[in-house]
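>>> A structural model of the following input is requested.
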Amino acid sequence: MKAHRLLVLGIDCGTPQIIFDRPEWKMPTLRGLMSRGTYGILKSVVPAITVPAWACMVTGKDPGELGVYGFRNRTDHTYTGLELATSRSIREPAVWDKLGSFGKKVVTVAVPPSFPPKPVNGVQVGCFLTPSAHSEYTYPSSLKTEIARACSGEYLPDCPNFRVENKDQLIRQLYDMTERRFQMLEHLIERPDWDFFMSCEIATDRLHHGFWKYFDTRHRDYIVGNAYEHVIRDYYESYDSMLGRLLARIDEGSTHIYVVSDHGAKRMDGGLAINEWLIKEGYLRLRSYPATPTPFAKLDIDWSRTKAWGEGGYYARVFLNVCGREPEGTIAVGEVESVLEELSRKLRAISRPTGEAMATAVYRPVDIYREVRNVAPDLMVYFDDLHWRAVGTVGYGAIHTFENDTGPDDANHAQDGIYIEALAGEQGRGYAEPWQLLSMADRFLAAAGVKR
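Numbers count the residues shown, from 1 in each chain. The predicted structure is shown next:
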């Protein structure tokens, strides 16, 4: 009897309130998988961010074990050592590596972080971190020429800039990118020898960040009847149609199918300027306050009097300036615990501009990870259950801001993503209990007939 193939379809930022809660939207392909399968909420890791969440999913390792805490990570305990995560940042074997070691042929397309591509027992195509189609973004390198022939234009790993005011241009980029990726997927899925096939679509993440305020009636900037109100619906219906064409190319009777996301999405109410707050509370000292909003890297910081500083993003990372650890440390090792407790208490007490309490969570890596590798943040902060992002820039003169220092952005990430499991020859349980993202590596291996 022929073994089942395993097809994993990633929807970056795929969120329950769209995929599960919009029965009026025309998504027959996803609805069909749900009707014969098991589906529900997939609880992401902390932080619920593309990198490291996808890597956590396919390795079964948490961010601490991977030593990757976001797109940018400290390389050492200096004040300037930051680098972007790449495929080289992930040192644990992924599901496809383990399957390859059993002789199974694999295809991976755009699963973050997969640039530069690594050798696999099959083929690999780089993710959104790929600089351009002119980069060496495939393994083997000869696959690049094959892809160029299969697609109607050059490979688009990502939108050049999804935080833009020109929304019509962004719509064109999203559709161009998705259509070309599906041309590639339709070509690669015809390969006769694959046992495991996994892809990830990043356009959904860019779509949510670019158009959430036009869709979500609870967003502070939502306007009834706006020109872009149906952009998210139109995209999902188009995506579902492309997905249907892809699945028509496989034998669903002998293929296990999973649809998964790394995290969800929710409206963004504003930004909390973490370094402004640290200055206000006396933890971060500047020699001079900037006249205009200024990135943290360009601030004139008095490290000899600074106790803590922060990095912005969808969540905040707070670092302590510890004696003997940082070059100009000011906090004695014996005082670290009390400073962390004090900071945690004060961060949780920050309120909204209206004075209402925020539902803020403060995490310590040592408390939430099985192991802590590399240089982790001392504190990780979700402001108001991720309805408020963290802003690292200084110069607003206030801790609350409705400007994003990285460009227009309507949505933040949510802890709840989605899973759909449609196993060949089996009837699923319908809507079921939440699963943990860290359980997926074992589930994929089991579905492929391999024990972890």
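
>>> Okay, buried residues for the lowest-mean-pLDDT helix or strand in the chain please.
The weakest-scoring helix or strand in the chain, judged by mean pLDDT, DSSP states H and E, is helix 143-150 (a mean of 91). Along helix 143-150, these residues count as buried under the neighbour rule (16 or more other Cβ atoms under 10 Å): 143-144, 147, 150. Every residue, glycine included, has its C-beta placed from N, CA and C.

>>> who does that helix touch, helix- and strand-wise?
strand 122-125, helix 167-188 (3 or more Cβ pairs under 8 Å, 6 or more residues apart in numbering; DSSP states H and E).

>>> would you turn those into TSV with distance to Val339 and mean pLDDT?
As requested, the helices and strands packed on helix 143-150 are exported to TSV (distance: least, Cβ to Cβ, whole Å; pLDDT from 0 to 100):
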stretch	distance to Val339	mean pLDDT
strand 122-125	44	98
helix 167-188	43	96
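
>>> and among the ones you listed, the most buried is which?
With neighbours defined as mean count of other Cβ atoms under 10 Å, those peak in mean count at strand 122-125, which reaches a mean of 24.

>>> I'd assumed Tyr39 was in a strand, is it?
Yes - applying DSSP: H, G, I helix; E, B strand; the rest coil, one finds Tyr39 inside a strand.

>>> Please report phi then psi for the nearest residue to it once chain neighbours are set aside.
Residue nearest to Tyr39 in three dimensions, not counting chain neighbours: Ile420, with 4.3 Å by Cβ to Cβ, 6 or more residues apart in numbering. Backbone torsions of Ile420, given as degrees, to the nearest 10, read phi -130, psi 130.

>>> and Ile420, what does it touch?
Applying Cβ atoms under 8 Å, 6 or more residues apart in numbering to Ile420 gives the contacts 30, 33-34, 37-39, 257-260.

>>> Check the buried residues of helix 143-150 and tell me the two furthest apart.
Using Cβ to Cβ, the buried residues of helix 143-150 reach their maximum pairwise distance at Lys144 and Ala150, which is 10.9 Å.

>>> Please verify my assumption that Ile90 contacts Cys56.
No - in this structure Ile90 lies outside contact range of Cys56 using Cβ atoms under 8 Å: 9.6 Å.

>>> Return every residue with contacts to both of those two.
Applying Cβ under 8 Å, 6+ apart, one finds that Ile90 and Cys56 are jointly contacted by Leu66.

>>> dump the residue contacts of Glu65.
Shown in contact with Glu65 (Cβ under 8 Å, 6+ apart): 92, 369-371, 373.

>>> ok, 10 Å please
52, 56, 59, 91-92, 369-373, 438 (Cβ atoms under 10 Å, 6 or more residues apart in numbering).

>>> Let me know the secondary structure of it.
Applying three-state DSSP: Glu65 is helix.

>>> From Ile90, how far out is it?
Distance of Glu65 to Ile90, computed by Cβ to Cβ, to the nearest Å: 11 Å.

>>> can you list residues touching both of those two?
Counting by Cβ under 10 Å, 6+ apart, the common neighbours of Glu65 and Ile90 are 52, 56, 59.

>>> The first one sits in which helix or strand?
Taking DSSP states H and E as the definition, Pro52 sits inside helix 50-59.

>>> Please enumerate the helices of the chain.
16-19, 28-36, 50-59, 63-66, 95-101, 143-150, 167-188, 203-215, 231-247, 274-280, 336-348, 365-368, 440-447 (DSSP state H).

>>> per-domain residue ranges of the protein.
Under the assignment automatic domain parsing, the domains of the chain span 5-268+413-447, 270-408.

>>> circling back: let's have the shared contacts of Glu65 and Ile90 in TSV, adding pLDDT and neighbour count.
As requested, these are exported to TSV (pLDDT from 0 to 100; neighbours: other Cβ atoms under 10 Å):
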residue	pLDDT	neighbour count
Pro52	98	29
Cys56	98	24
Thr59	98	22
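
>>> I'd like those residues laid out as a markdown table, including distance to Ala398.
Output for those, formatted as a markdown table (distance: Cβ to Cβ, whole Å):
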| residue | distance to Ala398 |
| --- | --- |
| Pro52 | 32 |
| Cys56 | 35 |
| Thr59 | 41 |
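
>>> Pick out whichever of those sits closest to Thr80.
Nearest to Thr80 among these: Pro52, at 22.1 Å, using Cβ to Cβ.

>>> so the closest one touches Arg72, yeah?
No - look at Pro52 against Arg72 with Cβ atoms under 10 Å: they stay out of range, at 11.7 Å.

>>> Now do the shared contacts for these two.
Joint contacts of Pro52 and Arg72 (Cβ under 10 Å, 6+ apart) are Ala85.

>>> if we can go back for a sec, and the helices of the chain, which one is worst for confidence?
The minimum mean pLDDT among the helices of the chain belongs to helix 143-150 (a mean of 91).

>>> hmm, who's touching that helix?
Residues outside helix 143-150 that contact it (Cβ under 10 Å, 6+ apart): 107, 109, 117, 122-126, 133-138, 140, 154-155, 180, 183-188, 190.

>>> Kindly report the same for stretch 128-135.
Contacts of stretch 128-135 (Cβ under 10 Å, 6+ apart): 12, 50-51, 71, 84-87, 110, 112-117, 126, 136-138, 144, 147-148, 151, 153-160, 177, 180, 200, 202-203, 205-206.

>>> What are the buried residues along it?
128-130, 133, 135.
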